[in-house]
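*Asks:* How does the following fold in three dimensions:
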Amino acid sequence: MPDGLATRAASAAASEMKSIIAASLGALLLSACGSTQTYGPGVLVLPGTNRTFDQFRFDEQDCRGYAQTQITKSNQEQDSAGSLQQRYDRAFLQCMYAKGHKVPVSGRYSDSAESTQSAARTPPPPPPGPPPSEAPPDYRPTK
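*Replies:* This is a model prediction of the structure:
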């Protein structure tokens, strides 16, 4: 093969390789633009009581899928329901809570028995002085 022909063949092969790479890169970029954006939880959730870490990981993956489905299913509520991330976080928290895991709460929340005991206080004593005449007999002082 003459030298000129070999040079042209090598140049054509290199040019063809560049066009294949450029086409592949272009297709990759276009596919990235058309895909749905995936979100991740922006809140901390801890494993529930008596739940193993493996159960927690399984439930977390399940709830991530649930939350992603919720934000892609309906975009009608987007204006009133907050940003996509907020909607994702709400759906994720609801799912994880329903599966028995610990989620953050605002304010002072206590799951202990002392909060129910404080609600069962005795009523305050009656005001001083004689009861009104229309009071029931069991409230009238005995002599």
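
*Asks:* avg pLDDT for stretch 56-69?
*Replies:* For stretch 56-69, the mean per-residue pLDDT is 94.

*Asks:* Can you give the contact residues for it?
*Replies:* Here stretch 56-69 makes contact (CB atoms under 8 Å, 6 or more residues apart in numbering) with 38-41, 45, 47-48, 51, 88-89, 91-92, 95-96, 99, 101. The way it works is simple: take the backbone N, C-alpha and C, and place the C-beta from them, glycine included.

*Asks:* Give me the subset of those lying in helices.
*Replies:* Mapping those onto helices (DSSP state H) picks out Y88, D89, A91, F92, C95, M96.

*Asks:* can you name the two of these that are farthest apart?
*Replies:* Y88 and M96 (12.3 Å; CB to CB).

*Asks:* tell me the least confident of the contacts of stretch 56-69?
*Replies:* Lowest pLDDT among the contacts of stretch 56-69: T38, 71.
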